[in-house]
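Engineer: Below: sequence and its predicted model.
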Amino acid sequence: MVSRSDNSIRSVTHRHWLPIVTFCPVNNLPDLIYVSVEFQNAPLAELYQLRKRIRKVVAWKKMYMEDVAEALAREFSHAHSVTVSLAFNRHVVKIYNKP
């Protein structure tokens, strides 16, 4: 464990490498989304548990990307921000939680 005596901000971003499938409410076609959850000055989260929670909240559901981001921001209320993006970053939604 590293001791931190300075007042610097430690930021950790968790991402997954396989896309999550959701469905667009407008055309009912599948969307492949990628999620990033950023923590600042927080204890390290266990990566596999975090990924499992993300999938439980959004996988295989009919949701707009903005709704996905809001649901994940509620699920990870202690996170600094949540980012949801389509493949190739064609559409990106980022929500910041209040400290």
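Structural biologist: Now that the structure is in, tell me what you want to look at.

Engineer: now the strand of greatest length in the chain, how far from the centre of its chain.
Structural biologist: The longest strand of the chain (DSSP state E) is strand 30-40. A distance of 4 Å separates the C-alpha centroid of strand 30-40 from that of its chain, computed with Cα atoms, centre = their mean, to the nearest Å.

Engineer: go on, stretch 56-69?
Structural biologist: Worked out by Cα atoms, centre = their mean, stretch 56-69 lies 11 Å from the chain centre.

Engineer: Repeat that for stretch 38-51.
Structural biologist: For stretch 38-51, the distance to the chain centre is 11 Å (Cα atoms, centre = their mean).

Engineer: buried residues in the worst-scoring helix or strand of the chain on mean pLDDT?
Structural biologist: When the helices and strands of the chain are scored by mean pLDDT, DSSP states H and E, strand 11-15 comes last with a mean of 91. For strand 11-15, a neighbour-count test (16 or more other Cβ atoms under 10 Å) marks His14 as buried. Heads up, the C-betas are built off the backbone N, CA and C, glycines and all.
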